[in-house]
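> Provided below are the primary sequence and the corresponding predicted coordinates.
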Amino acid sequence: MATTAVRSAARPRTSLYEWLTTTDHKKIGILYTISSFIFLGVGGSLALFVRAELAQPGLQFLTESTYNQMFTMHASVMIFWVIIPFLAAIGNYVVPLMIGAPDMAFPRINALSFWMVPFSGLVAVSGFLLGGAADAGWTAYPPVSSIKFSPGPGMNLWIVAVMLVGTSSILGAVNFMVTIFRMRAPGMTLFRMPILTWTVLVTSVLVLMGTPVLTSALVMLFIDRNFGGAFFDPALGGSAILWQNIFWFYSHPAVYIMVLPGMGVISEIIPVFSRKPLFGYKAFVFATAAIGALGFSVWAHHMFTTGSVFLPFFSVMTFLIAVPTGVKFFNWIATMWRGQITFSTPMLFAVGFLSMFLIGGINGVFSASVPVDYAIHATYWIVAHIHYVLFGGSFLSIMAGIYFYFPKMTGKMLDERLGKIHFWLMYVGLNLTFLPMHLLGLSGMPRRIADYSPTAGWNDLNLAATIGGFTIGLSFIPFLWNVFISLRNGEEAGDDPWEANTLEWATSSPPPAWNFDRLPAITSERPLFDARHGHTSKDHE
Amino acid sequence: MNRRFAVPLLIAAVALIAGGCQAVSLRDPVTEQALLVRDLYNLVFIVAAVVFVLVEGLIVWSVIRYRRKPTDTNLPVQTHGNLVLEVVWTAIPMITVFLLFIASWNVLNVVDARDASKAEVKVEVVGYQWQWKFAYPDDGIEVFGTPEQNAELVVPMGKVVQVTLVSQDVNHGFYIPQFLFQRDLVPGHVNVFQFTPNKLGTFTGQCSAFCGLMHHAMRFTVRVVTPEEYTTWLANAKPKPSPSPSPSAIRLTTSAAF
């Protein structure tokens, strides 16, 4: 009787209390998504302030001080509280389903990982209300980030917040690794795992190797600032270059942390909408592992101009890391080749990713050439590069994933017409924003400047970039409206609206708390395809 | 296509390509070293453009050519891979980037060459929040920038100039776009580089490494003059034994004021 009483007293599953205390990986995945969208609003608004200020020479809206806080917090928020958590959202929601598991290995740690994200984000952003947010750039190079040159509370808040969000990443990485290694369904061998699961696995290894190193740097900076340490103070025997080495040891692999799961999403979407298997599955897995391994040997290309770097090693490694990425491009194209392509919105974003991330890959190779890097380092060329990687790459893949998995998450289809409006506005906006930045960089405009000379010839290009930035902002209106109306009156999705290949589509939309009533036989990396069409002989056994 | 439109379209296309190539090139180089960097950039750009056109072309072709038709009821051929193809498209990029590395390496050895015995003019560049000091230690000259008057580095054309970079507080970046070159000023670490100007004129530069509040205002100029003008400038700029202010257009002060 007592048990029954307790059960009947429990609130319905959708209540607020249930969401705040859930340990269900699917709900945590949705919570990650919501949190990431809220911080996207913050980080995006900061970007628009920055673009508004740069639209014309002279200071119109901001002071130097607020400008520096805004570009610092724009990058920090987008990296630590938008892109990484968005990918954690997709990984959380999809990975246990993909491998036929009932949940993550450690559901409570999973909830802890999630809740650290919005709280740490609030800590970082609270600087704006407490006398000034961090203002030393997201790279926080000492001495600019030292207590002497950045005395406000923002820098300390930023250090604590990044430590917290890093800890969240580490916990999440352990959770993903244990889940993937220990909880795969019978028949789901490593080489039958979906590519997205592979990329999450490699990303987790990167997080586990890199993030503790960043945390050590943050601890040292915190000691320097607050307890009189001198790790980074050359006047007292420390080294300003030391920070750059430790910081980039994490922060370069972090770029792959932000891109690999996105590549995984794309590798799930392209085969489905081309009606073909991914071309070169094993090559793709090895290329992912190669990017992960090489990713730890290229960090000092961020430091070519410091005069404190062993140039040939980091130059050749930076060139080499372009190769596995190139292999992936050919795999994706070969997957579409002679396929039967349908342009639903997820595929549109996936092809958008291909065309844009290609630019982000190519314009990065310029920096591998050290003398060319001397000419373009710290200019808007680099700003263009990182945005083609993180926006054209990571973010478009995230949007592709959201359009792809929304039916699974909610049981409703999104509206295709609004999805396409969203895509084209964003696609045009992102190119209008970031293409001109290449030219600004070539003509010598340094990044991180609040103002520029009206006679430098940068006015028109900056105005174009600003218009593009606001176009991107505008593109979210049809998206939000789409989510709103689809949740209310969207077409029912059914279990498998896309005729997909992998296990997450073998259960209901949304799936029950325990994920699967029964699993199909798993004899290849495409169990659902096999169930629908029969096993094709060359699938990976 | 109608010939009436063909000619203007062709002209427009040529203009667009020419304008595009103009826009995507680096600034006109004004040092011997920069000429090599410009050529290297152009090489990397051409390789990049070929890769871009090839891969983007394949993407566009695939999505246009292989759209699903209403008649496509049967599955397309389920190709899982092709070892030969995959080896080829791994090997070719690897060879390409390796060749680019060799080309970069050759240029780097010239750009980064430092031979103190060849230096004909030695200047010390000091960066501090948020100005520059240019000193000529051999001649006892020091030039300080102010918010009203940016510091100007005067150097003779065709001579090997050796720059010593010193930061007094935070990281700064000594960056002159038309030198196609920058080098950081890092506290506790002195950087040295050499350049040989080969064009007369005044070239703007500014701090490229974020250095705090007024980072954007940390600008300077480099004026390349003939060796004869340089000798005259040196003579005028040298601190006079008399306390009367210098007649030079540039603001000069002694290090005591700093």
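Yep, that arrived. Residues are numbered from 1 along each chain as shown, chains lettered A, B, ... in the order given.
> CA only for contacts and neighbour counts going forward, please
Noted.
> may I have the phi/psi pair for residue B:164?
The phi/psi pair for residue B:164 (degrees, to the nearest 10) reads phi -110, psi 130.
> likewise the one 10 residues further on?
Note on residue B:174: backbone dihedrals following degrees, to the nearest 10 are phi -90, psi 110.
> so it touches residue B:208, yeah?
Yes. Here residue B:174 lies in contact with residue B:208, judged by CA atoms under 8 Å, at a distance of 6.6 Å.
> so between the two, which is more surrounded?
residue B:208 (28 against 24; other CA atoms under 10 Å in any protein chain shown).
> ok, for that one, nearest residue in space, not its chain neighbours?
residue B:173 (4.5 Å; CA to CA, 6 or more residues apart in numbering or on different chains).
> what about that neighbour, which SS state?
On the three-state scheme (DSSP: H, G, I helix; E, B strand; the rest coil), residue B:173 is labelled strand.
> per-residue confidence at it?
Looking at residue B:173, its pLDDT stands at 97.
> what residues are up against the nearest residue to residue A:127 once chain neighbours are set aside?
Distance criterion CA to CA, 6+ apart; nearest residue to residue A:127, sequence neighbours excluded, is residue A:133 at 3.9 Å. With contacts defined as CA atoms under 8 Å, 6 or more residues apart in numbering or on different chains, residue A:133 is in contact with A:69, A:73, A:124-127, A:152-155, A:157-158.
> ok, so of these, who is nearest chain B?
Chain B lies nearest to residue A:69 out of the contacts of residue A:133, by CA to the nearest CA, at 9.9 Å.
> what's around the closest one, how many residues?
Residues near residue A:69, counting by other CA under 10 Å: 25.
> same check on residue B:52?
Using other CA under 10 Å, the number of residues around residue B:52 comes to 18.
> what helix or strand is it on?
helix B:32-65 (DSSP states H and E).
> in that helix, what's buried?
Residues of helix B:32-65 classed as buried by neighbour count (16 or more other CA atoms under 10 Å in any protein chain shown): B:32-38, B:40-42, B:44-45, B:48, B:51-52, B:55-56, B:58-59, B:62-63.
> filter those residues down to the ones close to chain A.
For chain A, the contacts drawn from the buried residues of helix B:32-65 by CA under 8 Å from any CA of the partner chain are B:37-38, B:40-41, B:44-45, B:48, B:52, B:55-56, B:58-59, B:62-63.
> all strands of the stretch 401-541 of chain A, in order?
Counting by DSSP state E, counting those that start in this stretch, the stretch 401-541 of chain A has no strands at all.
> residue nearest the centroid of chain A?
Computing the C-alpha centroid of chain A and ranking residues by CA atoms, centre = their mean puts residue A:83 first, at 3.1 Å.
> can you confirm that residue is in a helix?
Yes. According to three-state DSSP, residue A:83 belongs to a helix.
> ok, now how distant is it from chain B?
24 Å (CA to the nearest CA, to the nearest Å).
> tell me what the residue nearest to residue A:127 is bridged to.
Assessed by DSSP bridges, residue A:133 has beta-bridge partners residue A:154.
> helices of the stretch 301-450 of chain A, start to end?
A:311-320, A:322-336, A:345-368, A:370-376, A:380-389, A:396-410, A:416-442 (DSSP state H, counting those that start in this stretch).
> low pLDDT regions in the chain?
Went with chain A since none was named. Low-confidence segments of chain A, defined by pLDDT under 70: A:1-14, A:535-541.
> chain B, not that one
B:1-5, B:16, B:18-22, B:241-258.
> domain-wise, how is it divided?
Following the assignment in automatic domain parsing, chain B carries domains at B:3-68+B:78-111, B:117-237.
> comparing those, which comes out most buried?
Among the domains of chain B, ranked by average contacts under mean count of other CA atoms under 10 Å in any protein chain shown, first place goes to domain B:117-237 (a mean of 20).
> how long is that one end to end?
25 Å (CA to CA, to the nearest Å).
> next one: stretch A:133-150
End to end - CA to CA - stretch A:133-150 spans 10 Å.
> with stretch A:183-200 instead?
15 Å.
> do stretch A:442-452 as well
From start residue to end residue, stretch A:442-452 stretches across 15 Å - CA to CA.
> is chain B within reach of that stretch?
Yes. Using CA under 8 Å from any CA, stretch A:442-452 reaches chain B at A:442-444, A:446-452.
> do you know how far residue A:128 is from residue A:155?
Counting by CA to CA - residue A:128 and residue A:155 are separated by 11 Å.
> residue B:138 too?
When residue B:138 is compared with residue A:155 (using CA to CA), they lie 43 Å apart.
> now do the SS call for residue B:114.
Residue B:114 falls in the coil class when you classify it by three-state DSSP.
> should've said residue B:135
The three-state assignment at residue B:135 reads strand, by three-state DSSP.
> that one against residue B:145, yeah?
No. When contacts are counted by CA under 8 Å, residue B:135 is not listed as touching residue B:145 (11.5 Å).
> spatially nearest residue to the residue nearest to the centre of chain A (excluding sequence neighbours)?
Distances taken as CA to CA, 6+ apart put residue A:258 closest to residue A:83, at 6.5 Å, once the chain neighbours are dropped.
> residue contacts, the one you found?
Contacts of residue A:258 (CA under 8 Å, 6+ apart): A:83-84, A:87, A:390, A:394.
> those helices in chain B, which residues are they?
For chain B, helices defined by DSSP state H occupy the ranges B:3-23, B:32-65, B:83-111, B:227-237.
> ok and the lengthiest helix in chain A relative to helix A:380-389, angle-wise?
When chain A is parsed with DSSP H, its longest helix is helix A:240-274. Relative orientation of helix A:240-274 and helix A:380-389, computed by axes from the mean of the first three to the mean of the last three CA atoms, to 10 degrees: 40 degrees.
> immediately after the helix or strand containing residue A:162, which helix or strand?
Using DSSP H and E, residue A:162 sits within helix A:153-182. Using DSSP H and E, the helix or strand that directly follows helix A:153-182 along the chain is helix A:195-227.
> what about that following helix and chain B, any contact?
No. Judged by CA under 8 Å from any CA, helix A:195-227 stays clear of chain B, getting no closer than 13.9 Å.
> fine by me, thanks again.
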